[in-house]
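Student: the following block contains a protein sequence and its predicted model.
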Amino acid sequence: MRRSYRIIRPQLMWGVLSVALVLCFAGIARAKMDTQLCLACHNASAPKTDHVKGVSLYVNAKLFKPSIHAAIGCPSCHTDIDGFPHKLPTRKVSCSGCHPTQDAAYRRSVHAEGAKKIPGCLDCHGNPHGILPKRDPESKVYPLNLPRTCGSCHGNPELAKRYGFPDVYALYMDSIHGFALTQDGLLVAAQCSSCHGAHEILSRKDPSSRTARGNVPTTCGSCHAGVKASYFEGVHGKNLLAGNQKMPVCTNCHTAHRISDVQTVAWQVTTVGTCGGCHKERLRTYRDTFHGQVTALGFSETARCWSCHSAHNILPASDPRSTVAPANLQTTCGKCHAGATLNFVSYQPHADPHNKLLNPALYYATLFMNLLLAGVFTFFGIHTVLWLFRSLFHRTGAGPRSGTELPWR
């Protein structure tokens, strides 16, 4: 009996395995048959409509077959439909069943605030039966297409006014990022999700937001890694890390959406005033210099704030690594003035003629010149007035005419 059991046992095992395989293939075949059965009705030439809800029941098979959902079939999303024909209305499909992480992130975002939850998944990803992978050039969330997708709301003045968000689509499209993406086709160029994220888009007032003031350098640094490292080595970055939220970050100088090419004259001329927004006294004294006056005329070939202090790694003059440290001034000034000597770099670019304690010689020299100028103009002003009265006196005939005529008479 034991021998016969040993013979039968392998046969039982093969039988069980065969049944399992049959059931497995039957399940797959049924899933395919269900999808085909669905399309047999819902891909009819004339679109059908649910007259109760007014929702189209038409599914375009040409869009569905290349979509990312075609592989899982209709029953994976429409779980309440278990036979044919089925009852109406059907249960609303929830994306969270397959995408719980993205759904949780979305629920924390500004888009999920309020009862309407606008935009929803389909507003960004498109037709539910034609959703393509984000790497597909035809996808609505493909990098080249994403600005247009976001711009359907953020480029709509009416929606911007209704919901109180800025109309930024046009600003982005005119920026260096928008130009690089849409005109040059550079997929590495920053687009909406690069800065704001894809699903968990938070208000910039939220400390956890990627666009919150304290997080902006890290967000921008995800692409501009070298600039990020340089910024955090400077006084602005160090003070920001120390908790001083008043320190300037990337968006203070470059703005958030209308980011221009830093090589343009317009950007260079206006950004001097940006630095002066915090350093008001430095800006005032700079404008009194030759550099500042040439800048005011719109010329680009002159020294500006970053020419001397550098753009991101800004250090105090007391730091030996600073570009304006005394030992480095010849090198810094020599970038424009070849062969700059020690006497040449003793020039004070922010000399203040009104500060007697900081610049006593300049203060008294300026005071003397102002008094001299005032005295000269006062003297010649009095002289001109007296001469005018004398000439009028003679013109009226009240004065003597013989031997005392004025030269022009």
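Tutor: Nice, I can see it. Numbering: from 1, shown residues only.
Student: gap between Cys250 and Leu241?
Tutor: For Cys250, the distance to Leu241 (Cβ to Cβ, to the nearest Å) stands at 15 Å. The C-beta positions use only the backbone N, C-alpha and C, and glycine is treated the same way.
Student: can you pick out the residue with more neighbours from those two?
Tutor: Taking neighbours as other Cβ atoms under 10 Å, Cys250 and Leu241 compare with Cys250 leading, 20 against 12.
Student: let me see the contact set for the spatially closest residue to Leu283 that is not a sequence neighbour.
Tutor: The spatially closest residue to Leu283, leaving aside those adjacent along the chain, is Gly276, at 2.9 Å (Cβ to Cβ, 6 or more residues apart in numbering). Shown in contact with Gly276 (Cβ atoms under 8 Å, 6 or more residues apart in numbering): Arg282, Leu283, Arg284, Tyr286.
Student: could you dump the residues you listed into JSON lines with pLDDT and secondary structure added?
Tutor: Output for the contacts of Gly276, formatted as JSON lines (pLDDT from 0 to 100; DSSP: H, G, I helix; E, B strand; the rest coil):
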{"residue": "Arg282", "pLDDT": "91", "secondary structure": "helix"}
{"residue": "Leu283", "pLDDT": "92", "secondary structure": "helix"}
{"residue": "Arg284", "pLDDT": "91", "secondary structure": "helix"}
{"residue": "Tyr286", "pLDDT": "92", "secondary structure": "helix"}
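Student: using a markdown table, please lay out the residues you listed together with distance to Phe389.
Tutor: Putting the contacts of Gly276 into a markdown table (distance: Cβ to Cβ, whole Å) gives the following:
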| residue | distance to Phe389 |
| --- | --- |
| Arg282 | 50 |
| Leu283 | 47 |
| Arg284 | 43 |
| Tyr286 | 46 |
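Student: among those residues, name the buried ones.
Tutor: Buried residues within these, counting neighbours by 16 or more other Cβ atoms under 10 Å: Arg282, Leu283, Tyr286.
Student: for those, which one is nearest Gly83?
Tutor: Leu283 (76.4 Å; Cβ to Cβ).
Student: ok now do that closest one, which residues does it touch?
Tutor: Val272, Gly273, Cys275, Gly276.
Student: in space, what's closest to Cys38 - neighbours in sequence excluded?
Tutor: Closest residue to Cys38 in three dimensions, ignoring its sequence neighbours and counting by Cβ to Cβ, 6+ apart: Cys74, at 4.4 Å.
Student: could I get the pLDDT score of that neighbour?
Tutor: pLDDT for Cys74: 88.
Student: and for it, the neighbour number?
Tutor: Neighbouring residues of Cys74 were enumerated by other Cβ under 10 Å; the total is 20.
Student: that one contacts Cys41, correct?
Tutor: No - taking contacts as Cβ atoms under 8 Å, Cys74 lies outside contact range of Cys41: 11.0 Å.
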